[in-house]
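Q: prediction below, plus the sequence it came from.
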Amino acid sequence: MKVSVIVPTFNEALNVRELVERIQTALHGRVAEILFVDDSNDDTPAVIAQVAAAAQIPVRLIRREHAVGGLSGAVLLGLAVSASDWCIVMDGDLQHPPEAIPVLLGAGIDQDADVVVASRHLSGGSSAGLSSPGRQLVSISATVLVRAMFPTRLRNCTDPMTGFFAIRRAAIDLDSLRPRGFKILLEILARNSVRVVEEPFVFGHRHAGESKADIRQGLRFLAQLATLRFGRLSGFALIGATGAVGNLAIMAALQAFGVWYLLAATISAVVTMGTNFLLQERFVFHDLRDEGRRFWIRLVQSFAFNGTETTLRTFLLWLIVGSTSIPSVVTQAALLTVGFLLRFVYHSRVVYRPKPASPVSFDLEAVPDFFHGQTIENKVSH
C-alpha cells in the first residue's frame, strides 16, 4: 500500500524541516511520499528542495503560480496528481501531529473506511492549540452550524472542520468537488457518499510562523457553506437581495429629496446593476469567467438584459402606481422579486454559459486553471 502525505503550504519555511523528519519517522517501513503543494511568497520552496535532498522518503513539490481555490484547491491538486492508495491531508504548521498518521491509516484499513477524520471533539481529542478563546468559540459554532445543515452526510463526523484526515483515493469523485477556502473535508463529505470513521487527536500549538485564518477566510467559508447547501443560486440571491435593498434605499432617498419616482427608480437601477455585476463576477460566476467570453462582452450582455428588464419593470411600476393605490416602493419590491429568477436563468444560461465538457478524465471545470501555468518539481531523495 502506497501513502501520499499532502501538505498545502503558504509561507511555512520554518516548519518544513521538522515536519518532514516527523512524517518520515511516522511512516518508517511504508511505501510513502510527501507532496507539498505550495503557494508561498517567501523561501518555502527553496527550503523544501533543500530538505528533500536529504530526506529518507521521496518529497515532491508542486509550485502553484495561481492559488485557485485557496487551501482546498491545493489539496485537490495534490489528490489529483497522487497515485497512492491512501492520502493523508494535513497542515504544514505542525498543529496536526504526524505521529497520528499511522493511527489514521490503521483505522481506515481495519474498519474498511473511505475517510478517517482526526477529530478534536472525540474523547481524548482537544482543540487546545487554537490561539484564543474567541477562535475556539468560532470553531465550535461553525461545527454546530455545519452539522445542522448536513445532518445526514455528517452523521458520523464530529469534526467536519478539521484539516487533518486520511482518505482512500479511489473513494472520492474529484470531478464533483468545487474547492474554495480552507474547508476541503466539508467539501468532500458533502459531495460524496463515503464511509467515515474518526480517531481523536490533540490540535497542537503552531510551531512557527503565523496563522492564515482571518475575516476573509471566514467569509469564504460562509460562501462555501451556502454553495454546498443551496448551490450557485444562493450567492446570486444574496447579491440580488443586497442589490434590491440598495435599490430601494437609493430610490427612497432620492424621492425624499424631491426626485420624481421614475427618475429615482432609473438612477437606483443603474447603480445596482453595476455593483451587482461586479459582485457576481467575483463571488458567483468566478469559475465561469474564462469560458470564451471577454469581460466587456459579459458586461454588455448583463447590462442589456438588466436594462431591458429594468425598462419593463419601470413601465409596470408606472402603470401599477398610476392605476392603483399601491405605494411605489412596495410595487418596486414586488417587481424586483419577480425579475430575480429571470435574471438568474439568463446569466446562468447566456452570460456565463459553460463550454461543452472536454473528454478528459479530470474535469477542468471543477478545478479551473489547476493545470495551466503550474510549475511541478519532483524532488526524490533516493
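A: Sure, I can see it.
Q: what's the neighbour count on residue 194?
A: Using other CB atoms under 10 Å, residue 194 has 18 other residues around it. (C-beta placed from N, C-alpha, C; glycine too.)
Q: Three-state assignment for it, please.
A: The three-state assignment at residue 194 reads coil, by DSSP: H, G, I helix; E, B strand; the rest coil.
Q: which residue packs closest to it, ignoring adjacent ones?
A: Nearest residue to residue 194 in three dimensions, chain neighbours excluded: residue 114, at 3.8 Å (CB to CB, 6 or more residues apart in numbering).
Q: centre of the chain versus the host helix or strand of residue 75, how much separation?
A: Using DSSP states H and E, residue 75 sits in helix 70-81. How far helix 70-81 lies from its chain's middle: 11 Å, per CA atoms, centre = their mean, to the nearest Å.
Q: what about the nearest residue in space to residue 46 that is not next to it in sequence, distance to residue 92?
A: The spatially closest residue to residue 46, leaving aside those adjacent along the chain, is residue 13, at 7.9 Å (CB to CB, 6+ apart). To residue 92, residue 13 is 10 Å away according to CB to CB, to the nearest Å.
Q: more neighbours, the two?
A: More crowded of residue 13 and residue 92, by other CB under 10 Å: residue 92, with 24 against 18.
Q: and the helices in the stretch 1-150 of the chain?
A: Here the stretch 1-150 of the chain has its helices, by DSSP state H, counting those that start in this stretch, at 13-26, 44-54, 70-81, 101-110, 133-149.
Q: would you format the ones you listed as TSV with mean pLDDT included?
A: Shown next, in TSV, are the helices of the stretch 1-150 of the chain (pLDDT from 0 to 100):
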stretch	mean pLDDT
helix 13-26	94
helix 44-54	94
helix 70-81	89
helix 101-110	96
helix 133-149	73
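Q: out of these, which one sits most buried?
A: Of all the helices of the stretch 1-150 of the chain, helix 70-81 has the most neighbours on average by mean count of other CB atoms under 10 Å, namely a mean of 24.
Q: helices or strands up against that one?
A: On a contact count with 3 or more CB pairs under 8 Å, 6 or more residues apart in numbering; DSSP states H and E, helix 70-81 meets strand 2-9, strand 31-38, strand 59-63, strand 86-89, helix 184-191, helix 215-230.
Q: worst average pLDDT in the ones you listed?
A: When those are ranked by mean pLDDT, helix 215-230 comes last with a mean of 63.
Q: what about the helix or strand just after that one, average pLDDT?
A: Counting by DSSP H and E, the element after helix 215-230 in chain order, helix or strand, is helix 232-256. Across helix 232-256, pLDDT averages out at 85.
Q: quick one: contacts of helix 232-256?
A: For helix 232-256, the external contacting residues (CB atoms under 8 Å, 6 or more residues apart in numbering) are 223, 226-227, 230, 261, 263-265, 267-269, 271-272, 275-276, 279-280, 283-285, 328-329, 332-333, 336-337, 340, 343-344, 347-348.
Q: show me what the top helix by length along the chain packs onto, helices and strands only.
A: Longest helix in the chain by number of residues (criterion: DSSP state H): helix 295-323. Packed against helix 295-323 by the contact rule (3+ CB pairs under 8 Å, 6+ apart) you find helix 261-279, helix 328-346.
Q: so for residue 300, what's the pLDDT?
A: Looking at residue 300, its pLDDT stands at 91.
Q: domain ranges for this protein?
A: Per automatic domain parsing, the structural domains of the chain span 2-213+363-379, 231-351.
Q: and among those domains, the most buried is which?
A: Among the domains of the chain, domain 2-213+363-379 has the highest mean neighbour count (mean count of other CB under 10 Å), at a mean of 19.
Q: one step back: isn't the residue nearest to residue 194 up against residue 169?
A: No: at 9.8 Å, residue 114 does not count as touching residue 169 under the criterion of CB atoms under 8 Å.
Q: now do stretch 92-100, average pLDDT.
A: 92.
Q: please renumber the chain so that the first residue is 292 from this point on.
A: Happy to do that; since the first residue is 292 now, the last one works out to stretch 383-391.
Q: could you work out the end-to-end span of it for me?
A: Stretch 383-391 stretches 14 Å from its first residue to its last (CA to CA, to the nearest Å).
Q: what residues does it touch?
A: For stretch 383-391, the surrounding residues in contact (CB under 8 Å, 6+ apart) are 296, 298-300, 303, 306-307, 309-310, 313-314, 316-317, 327, 381, 409, 420, 454-455, 490, 492-500, 502.
Q: would you mind listing the residues in contact with residue 394?
A: By CB under 8 Å, 6+ apart, the contact set of residue 394 is residue 490.
Q: and for the one 4 residues further on?
A: Applying CB under 8 Å, 6+ apart, we find residue 398 in contact with 404, 407, 457, 488, 490.
Q: just send those back as a markdown table, with pLDDT and distance to residue 604 too.
A: A markdown table is the format used below for those (pLDDT from 0 to 100; distance: CB to CB, whole Å):
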| residue | pLDDT | distance to residue 604 |
| --- | --- | --- |
| 404 | 95 | 54 |
| 407 | 96 | 54 |
| 457 | 97 | 54 |
| 488 | 94 | 54 |
| 490 | 95 | 57 |
